[in-house]
Structures are given as structure tokens and as C-alpha cells.
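In: Attaching a predicted model along with its sequence, questions to come.
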Amino acid sequence: MREVAVVAFAQTPYVRSEQERTETEMLAPVIREAVARSGIDAKAIGFTVSGSSDYLAGQPFAFVQALDAVGAWPPIRESHVEMDGAWALYEAWVRLQCGDVDSALVYAFGKSSLGDIRDVMTLQLDPYCVAPLWPDSVSVAALQARALLDSGRYSERDFANVTARSRRDARANPAAQLAGEVDVDALLAEPYVVAPLRKHACPPISDGAAAVVLAADNLARQVCARPAWIRGMDHRIEPHQLGMRDLTRSPSTRLAAERAGAFEAPPDIAELHTPFAHQELILRDELALPASTAVNPSGGALAANAVMVAGLARIGEAAQRVMGGEARRALAHATSGPCLQQNLVCVLEA
């Protein structure tokens, strides 16, 4: 297989509601920044792929208008996935294995503020038996959190500890939406949104965009002093029906990590896409992360969770720390669907 690396990453500051700019206007400066950081001329990018959701924009083929942020002249090789941008990056990684192009631009965008994101996410559920009951995304996650509490492995204080650490770490991330010191007891005094989940244990509503540039072989070495090489990447999925799986476990994450080579050596950092606090605890168990691994040093999805962007941002954040010399080996994770239904694991090394 060809060696492929992340050579550049850029993202917007995430906000509760981006009212002044369209998705295209959010994307344009991010794409320009990522391409400029890569050292690769925009016209030389061999492949472009995006991740987004028409349900967020409320119109079909919403990704087409976003191409204005890329500039499609001269003509480009372009693709799109109706998923988080992490899966767009997976497609780009596979595309670079063909050998006829040496670089790829991956971008993702999402404005969760345009509608009621809790109800929008209901549309990803089983359309015959579950979606007609109209359970919103927080209520579904609360079922998972309740199952985890009932297992005896964790408590609500453990959920709050995850949030407190994420908010504290996010202070060093200029793109974070929520950051600062918070008292765990104060978090536990909050009222429930849907028991046993309080507001702090749920993802913030976020608008934003992110872009990553990949390069292969010698091109990566030429344009980047310390590329973040993708040593392995894989994604797996759980059954669609929630009642057919143990919600307190994530075997698809474990399998994806195994196939990506994540268990060959412990990572220095792990960026986990866990929109709800209890999901980080589940993934830490599945990935067997040691205490020496810094989890979500960016603050993670509890600090900013632009739907369709947050998974790609986890890969970008992990790669950025490898490229910057903060980590030698990093693990990045992305999820899609309810209760960690589909999971992607990417292993990066200097």
C-alpha cells in the first residue's frame, strides 16, 4: 500500500449559531487555509471529497453549492459522502491507493442550528419500528447511558468528570465552543435534560467546518517537515436495531481498531468522537487505552460538535499534534448513527 499522510488541517471556530455566513462562506477560508498550509498548489490537488448532510441544510444536493468554496475550474475530480467528513477522508485515503493522484482535499461542514437537531437525527433511525415513535437523539442516548449505569461500571459522577476534563482541556483550543474550569458538583446539580443525562453530558449545538489535506509518498515528505502518516484505518458497523446489541459495548470500534493496527502500541493521544460524556467511557474500555494516553486534548465533541464535521476534526486534531511534535503516535475515532452505531478508527504516526 502507498504511504499516505495528513499534511495540513484547518477548522473554523465553532459557534452556537452562524447567522451571518452560509455553509459555502464558512468553508471558503477554511479550505484556503488548509491548502495554503499544505504547500500544495490548489490546482495540483488530485482529488476532492466532502462530507455533509442534506437533512441539516434542508435541501437536496446541498453539497453542490459548497463546491463554490473549492473552485471547480479547471475541472476537478470530486466526490461526496452523505456522512461525517471522517468517512470522506477514508474515501480519499482509498482513492490515493490507486496511484494516479498524489494529493487529496477533504472537507466537511454542518450547521446544526438551522433546525431542531434532536428531531433531525431521529430520521437516521429504523424507519419502520423506531422512527415512527419519534424518539429524539438525546432520548436515545439516554437509554444507552441508563444501560451503562445499570451495568455498575460507571456513575453519573464519572460522566461529569469526563465533561470537566474536556472543558478544561478545551481552554487550549481556540476553535472550541465550550471551555473553562467547571466544578463537578455544580455539574451534578444541573437538572436532567433526559434522565440520566444532564446538559453537560450532551453535545453543544454547533455550526462549523473543517478541512484536511492528504499527500502520498514523497510528496508528503516534500511539503511537510513531519507528516502524520496514516498507518491504518478501518470502519465497522453495529446492527441498525438498537435492541439487537448491547448498548454498553462497542464491538465495531474494537474490531475497527484491531484492523487499523491500534493495539500494536499504545497511542500518546486519542481523539475520540463521543458526543455524549458516557460514550467516552465505553470507548476507553473497548480501545483499552492506558492511563498514559491523553484523551481528547482538544476538548472533543463535548467542547464543539458540528454534525458531519466533528469526526473529521478528531482526525485533524490528532494529526495536528503529530505534525507539531506533541505526539509520536495518535489514535483518532469517528462515529455516526445512534449509540455509537458506526465507528471509524485511524492510527497516525510521525
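Out: Arrived safely, thanks for sending.

In: V64 and G208, how far apart?
Out: 20 Å (CB to CB, to the nearest Å). For every residue, glycine as well, the C-beta is placed using N, CA and C.

In: okay, those two: which has more neighbours?
Out: G208 (28 against 12; other CB atoms under 10 Å).

In: quick one: the more buried one is in a helix?
Out: No. G208 is assigned strand when assessed by DSSP: H, G, I helix; E, B strand; the rest coil, not a helix.

In: For it, give me its contacts.
Out: 11-15, 18, 26, 109-110, 175, 304, 306, 309 (CB atoms under 8 Å, 6 or more residues apart in numbering).

In: Separate out the buried members of the residues you listed.
Out: Taking 16 or more other CB atoms under 10 Å as the criterion, what is buried in the contacts of G208 is Q11, T12, Y14, V15, E18, M26, F109, G110, A175, A304, A306, V309.

In: Name the single longest helix found in this protein.
Out: Using DSSP state H, we find that the single longest helix of the chain is helix 23-38.

In: May I see the buried residues of that helix?
Out: 23-24, 26-28, 30-35, 37-38.

In: And the contacts of stretch 26-38?
Out: Here stretch 26-38 makes contact (CB under 8 Å, 6+ apart) with 7-12, 18, 42, 45, 66, 68-70, 103, 105, 107, 109, 111, 207-213, 215, 223-224.

In: what about it, average pLDDT?
Out: Stretch 26-38 carries an average pLDDT of 97.

In: what's the answer for stretch 119-133, then?
Out: Averaged across stretch 119-133, pLDDT comes to 92.

In: Show me the contact partners of that stretch.
Out: 55-56, 134-137, 140, 240-242, 307, 337-338.

In: Now intersect those with the strands, please.
Out: Within the contacts of stretch 119-133, no residue falls in strands by DSSP state E.

In: now those: which count as buried?
Out: Looks like these have Y55, L56, P135, D136, S137, V140, H240, L242, V307, G337, P338 buried, using 16+ other CB under 10 Å.

In: Correct me if wrong: the fourth one contacts V193.
Out: No. Judged on CB atoms under 8 Å, D136 makes no contact with V193 at a distance of 10.1 Å.

In: Against A216, how distant is the residue lying farthest from the centre of the chain?
Out: Distance to the chain centre peaks in the chain at P74, reaching 30.6 Å (criterion: CA atoms, centre = their mean). Per CB to CB, P74 is found 21 Å from A216.

In: What of N173?
Out: Taking CB to CB, one finds N173 at 29 Å from A216.

In: what do you get for T22?
Out: Distance from T22 to A216, by CB to CB: 33 Å.

In: Could you check which of these two is surrounded by more residues?
Out: Higher neighbour count among T22 and A216: A216, with 21 against 16, using other CB under 10 Å.

In: Okay then, goodbye and thanks.
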